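using only what follows, build the 3D model:
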Amino acid sequence: MSSIAKSCTVRIYIHDDENGQHATVKLSNWTGDVLVIPRPCPREQFQREELGRPDVYILVDDVHAAGKPQIYVGESEYVGDRLRRHEKDSAKNIWRVACIVTCCDGYLTKAHIRYIEGRLIKLARQAEIACVLNAVSPEPPYLPEADIADMEYFIEQLRFNFGLLGYDYFGKKRRMVFGP
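I've put the predicted structure just below:
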């Protein structure tokens, strides 16, 4: 019976047109989405609806330091604007793929995404699978107990998604490989 409770349908939508390529990953029993945007990508990608609300993002680099991929975990209320700024910042212009974590029902607030960002940085550092480029590890903000439980569930589903994509930098065993 426990295997049924952990079962879900995974839907990966890959879109390729004149505005660039991207993929969206959805789980049937989760309100989150992961949008994967490879570089180079046209400016139109940064204007997507999902990138105009509070989101967490992970920048993934091809260049390996100490034999490991490099990642940067960030959060923003307007991820499209933040990614444009990262393109101009030589310290953060390292990414070949941006994984944007969003919530299809608009539930994530600034406090929620700050919580997720802090936890992902901590998990990535503990897993030691990638070199984490973040200079600091922010402490998760105060959240009510129920919100913490919701965010921990959200993070677990997110780790599953990243494992599916091959970006299992947060200590989740890979299920399938679609990434590097």
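
helices of the chain, start to end?
2-5, 79-88, 110-127, 145-165 (DSSP state H).

counting neighbours, what do you get for Asp61?
20 (other Cβ atoms under 10 Å). Heads up, the C-betas are built off the backbone N, CA and C, glycines and all.

read off the pLDDT value for it.
Asp61 carries a pLDDT value of 87.

these two touch, right, it and His86?
No: Asp61 is beyond contact range of His86, at 11.7 Å (criterion: Cβ atoms under 8 Å).

name the residues contacting each of those two.
Trp95 (Cβ atoms under 8 Å, 6 or more residues apart in numbering).

tell me which of the helices of the chain sits most buried.
helix 110-127 (a mean of 20; mean count of other Cβ atoms under 10 Å).

got the contact list for it?
Against helix 110-127 from outside (Cβ under 8 Å, 6+ apart): 54-56, 58, 71, 73-77, 101, 108, 130, 132, 134, 137-143, 147-148, 151-152, 154-155, 158-159, 169-171.

low pLDDT regions in this structure?
Counting by pLDDT under 70, the chain contains low-confidence ranges at 1-6, 17-21, 40-47, 63, 65, 92, 172-180.

next, the buried residues of the strand ranked longest in it.
Selection of the longest strand in the chain by residue count, based on DSSP state E, yields strand 55-65. Within strand 55-65, the residues that count as buried by 16 or more other Cβ atoms under 10 Å are 55-61.

pull the CA atoms of that strand into PDB?
Extracted C-alpha coordinates of strand 55-65, given in PDB (Å, rounded to 0.1, in the frame of the first residue of the first chain):
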ATOM      1  CA  ASP A  55      10.300  31.500  -7.500                       C
ATOM      2  CA  VAL A  56      13.400  29.700  -6.600                       C
ATOM      3  CA  TYR A  57      16.000  29.000  -9.300                       C
ATOM      4  CA  ILE A  58      19.100  26.900  -9.700                       C
ATOM      5  CA  LEU A  59      21.800  27.800 -12.200                       C
ATOM      6  CA  VAL A  60      23.800  24.800 -13.400                       C
ATOM      7  CA  ASP A  61      27.200  25.100 -15.000                       C
ATOM      8  CA  ASP A  62      29.000  22.800 -17.400                       C
ATOM      9  CA  VAL A  63      32.400  23.900 -16.200                       C
ATOM     10  CA  HIS A  64      33.400  21.600 -13.400                       C
ATOM     11  CA  ALA A  65      35.500  22.600 -10.400                       C
END
